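> based on what follows, work out the 3D shape:
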Amino acid sequence: MKILVVLVICFSVFSCKSDSNTASQKQAEPLSTQKAQAPEFERIPDETIMRLWNECTLIDYIFHDLPFSMNQGEQASIRTNLTYIDGNVQANIPAGCKPMARQFYQIEGEIVYEADVYYSDNCKFYVFYDGDKKYANKMSNDGMQFFNTMISKALDARKQMGQ
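Okay, the predicted model is just below:
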């Protein structure tokens, strides 16, 4: 009977140790070998993009760290901006990614959608806010080029101002 109790205790101790070793091994593994995070977002619905395509009258940009803001009020500019939204979902926000700007989509003076713009290394996507719902889409190559140009112009302006 005593041997059985000792064996049960030993088995419990060794099985706990092997579980904790497995957990610490998982923590030490590179992220690429660990299980992927469950998707946090879906892509913005096509109906939303079509509504903006047909009805949006103004897009405002507020940049967090750049010395300017801007807006687009011409239909051609608004539609071009909407092509910067890739059709592919951005399932999660990678660690270390921070938004560089906020976009406000207006229809006849009313803000109907907002989006955070992420544009930095490994972070090129939009997170859209529609009430309590959030959607995220990757940024198209044209969108990347657009924001790269905007950043370059802002940095040039900052240099000219002596900052």
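
> show me the shaky parts of this protein.
For the chain, applying pLDDT under 70 flags the ranges 1-37, 158, 162-163.

> grab the longest strand from this structure for me.
Counting by DSSP state E, the longest strand found in the chain is strand 110-120.

> pairing partners for that strand, with directions?
Strand 110-120 pairs in its sheet with strand 101-107 (antiparallel), strand 123-130 (antiparallel), by DSSP bridges.

> got a list of contacts for the longest one?
Applying CB atoms under 8 Å, 6 or more residues apart in numbering, the external contacts of strand 123-130 come out as 41, 44, 48, 85, 90, 93-94, 96-99, 103, 113-118, 134-139, 143-144. For glycine as for every other residue, the C-beta is placed from the backbone atoms N, C-alpha and C.

> how about 6 Å then?
Contact with strand 123-130 is made by 44, 90, 97, 113-118, 135-139, 144, as judged by CB atoms under 6 Å, 6 or more residues apart in numbering.

> stretch 63-77 too?
Contact with stretch 63-77 is made by L58, I59, D60, Y61, I62, I78, N81, A101, A154, R158, as judged by CB under 6 Å, 6+ apart.

> list buried residues within these.
Those of those that meet the buried threshold are L58, I59, D60, Y61, I78, N81, A101, A154, by 16 or more other CB atoms under 10 Å.

> can you list those in TSV and add secondary structure and distance to F125?
Formatted as TSV, the buried ones among the contacts of stretch 63-77 follow (DSSP: H, G, I helix; E, B strand; the rest coil; distance: CB to CB, whole Å):
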residue	secondary structure	distance to F125
L58	strand	23
I59	strand	17
D60	strand	19
Y61	strand	16
I78	helix	20
N81	helix	15
A101	strand	12
A154	helix	20
